[in-house]
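give me a model of this one.
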Amino acid sequence: MILADLYASHGEAVTAGDEEMMAACRDMARLEGVFAAPEGGAGLVAVQKLAAQGKIEPGEIVVLFNTGSGYKYIEAWQAALAT
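The predicted model follows:
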């Protein structure tokens, strides 16, 4: 169902690895004060990759939903901060 919606809307899927997600989470915390869950970091990674590919134009408005809290992922945050 998700792929059908993706194709119907001419959308795009983007991958994000664990290290990329946590780096994006650190950026959100440092720049915006948001203590994001890794899936929020995945969304930011996707936006960054799409912008780098020119699929999101400068000045275009993008909404990124972060639906989870970093508090739920303390172990992941501790591991990311230790590196």
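
from here on, contacts and neighbour counts on C-alpha atoms
Will do.

and the strands in this structure, which stretches?
Taking DSSP state E as the criterion, the chain carries no strands.

which elements pack onto the helix or strand of it at the bottom of the mean pLDDT ranking?
When each helix and strand of the chain is scored by mean pLDDT, DSSP states H and E, helix 74-82 comes last, with a mean of 80. With contacts taken as 3 or more Cα pairs under 8 Å, 6 or more residues apart in numbering; DSSP states H and E, helix 74-82 sits against helix 18-32.

what about Gly59, how many residues nearby?
The tally of other residues near Gly59 (other Cα atoms under 10 Å) stands at 6.

from Leu31, how far out is it?
According to Cα to Cα, to the nearest Å, Gly59 stands 19 Å off from Leu31.

residue with max distance from the center of this protein?
Ala8 (22.7 Å; Cα atoms, centre = their mean).

contacts only, for it.
By Cα atoms under 8 Å, 6 or more residues apart in numbering, Ala8 lies in contact with nothing.

repeat for Cys25
Cys25 neighbours (Cα under 8 Å, 6+ apart): 35-38, 40-41.

same thing but at 10 Å, please
Cys25 makes contacts with 19, 31, 34-45, 70, 77, 80, as judged by Cα atoms under 10 Å, 6 or more residues apart in numbering.

which among those end up buried?
34-45, 70, 77, 80 (16 or more other Cα atoms under 10 Å).

just the ones of the residues you listed in helices?
Counting by DSSP state H, those place 38-45, 77, 80 in helices.

just give me the closest of these to Gly54.
Val45 (14.3 Å; Cα to Cα).

that closest one against Glu20, yeah?
Yes: with contact defined as Cα atoms under 10 Å, Val45 counts as touching Glu20 (6.7 Å).

count of neighbours near Lys55?
Lys55 has 12 neighbours, counted by other Cα under 10 Å.

ok, now how distant is it from Glu12?
On the measure of Cα to Cα, Lys55 and Glu12 end up 10 Å apart.
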